[in-house]
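Student: below: sequence and its predicted model.
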Amino acid sequence: MKYAFSTLGLPGSTIDRSAALAAAHGFQGLELRAHPEEPLHTATPASERKAALRTLRAAGVSAIGVAGYTKVAAAGEDEPVLAELRALVQLAVDLEAPSVRVFPGGAALPEPFADTQAVRRLRAAAPFAERQGVRILLETHDSHRTAAAAARVLDQVGHPGAGALWDVLHTWLGGESPSDSMHTLGQHLGYIQVKDVASAQELTPLGLGAGVLPLAEAVAAAPGDGWLCWEYEKRWYPDAAELPEQLARGREHLEYLVAARVTAERDISGGDIAERAGRNTPRPS
């Protein structure tokens with residue numbers, strides 16, 4: 001597996017600093033928060049986008065996604081939503097990022113109508129994104145916090161240019177087990193956001209492994225060649241500990257979870273081989 005973290009954990013930091021921290025602590029990727037508070041967003045000039053890409057390349061770090069704030073299931077006209085999606089896709093292209101994160105945002109609407117809004121807009125935007133080599137990822141969040149809810153939309157969209165971003169916190173809050181979430185998302189999955197918190201009532205971010213989220217189960221269920229992205233929500237919880245001082249330990253914890261997964265797979269595989277060998281061994285007469 002490959003490791004990344006979100007710049008949501010470094011509010012307002014320069015790309016140089018974010019990329020340097022990623023490289024220094026063994027993270028191969030960054031999820032780039034695309035917001036006017038940050039150095040990169042849809043109004044960032046082309047020259048600054050090119051400079052950011054040079055910085056990422058020099059550090060040996062990839063942009064795994066552009067984290068936008070478009071709400072595809074929200075009430076309102078389609079064109080402003082689609083225009084924002086096109087702008088986010090172009091930003092992703094300029095930064096060589098393979099995906100764009102969007103939110104559902106349909107909590108104020110009846111579920112069937114929110115689904116219809118999201119399906120229609122994603123169907124309209126997905127072909128454009130695919131032509132640019134980008135995938136629009138609907139995060140398991142707010143009105144569609146479970147994998148079941150996100151997949152309900154994406155099954156209807158039915159286009160490879162649209163997929164899912166699995167936020168482990170929100171599927172857990174929605175009552176899904178990691179194995180059920182992964183099974184439900186299937187080929188829709190883009191990548192996984194991991195994090196940790198003290199409880200369902202106390203969501204201040206903690207270091208990975210210091211809380212109650214079922215991270216081991218999520219990693220065990222995840223594709224072996226995918227991205228694990230640590231989304232440390234420092235921007236929303238300013239009193240939380242600083243991210244840089246936790247990056248080394250967080251990377252170590254991810255490595256530990258992946259190693260445990262590999263060991264478990266080997267044990268299962270070895271057990272299957274032994275069982276088959278036992279079945280094929282002639283019984284003594």
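Tutor: Yes, it's here.

Student: list the contacts for L138?
Tutor: Shown in contact with L138 (Cβ atoms under 8 Å, 6 or more residues apart in numbering): 72, 102-104, 118, 122, 144, 150, 153-154, 162-165. Placement of C-beta: from N, CA and C, glycine included.

Student: residue boundaries of the strands in the stretch 101-250 of the chain?
Tutor: Along the stretch 101-250 of the chain, the stretches classed as strands by DSSP state E, counting those that start in this stretch are 135-139, 162-167, 189-194, 227-230.

Student: L247: which of these is closest?
Tutor: Closest to L247 of the strands of the stretch 101-250 of the chain is strand 227-230 (Cβ to Cβ; 8.4 Å).

Student: contacts for that closest one?
Tutor: Residues from elsewhere that reach strand 227-230, judged by Cβ under 8 Å, 6+ apart: 1-6, 9, 29, 31, 64-65, 191-195, 208, 219, 222, 250, 254, 258.

Student: kindly recompute the last result at 7 Å.
Tutor: For strand 227-230, the surrounding residues in contact (Cβ atoms under 7 Å, 6 or more residues apart in numbering) are 1-6, 29, 31, 64, 191-195, 208, 219, 250, 254.

Student: from the contacts of L138, which ones fall inside helices?
Tutor: With helices defined by DSSP state H, the entries of the contacts of L138 inside them are 118, 122, 150, 153-154.

Student: got a winner among those residues for most neighbours?
Tutor: A118 (32 neighbours; other Cβ atoms under 10 Å).

Student: tell me who's in contact with that one.
Tutor: Contact analysis of A118 by Cβ under 7 Å, 6+ apart lists 72-73, 104, 106, 153.

Student: just the closest of those to I268, please.
Tutor: So of these, ranked by how close each gets to I268 (Cβ to Cβ), first place is V153, at 33.5 Å.
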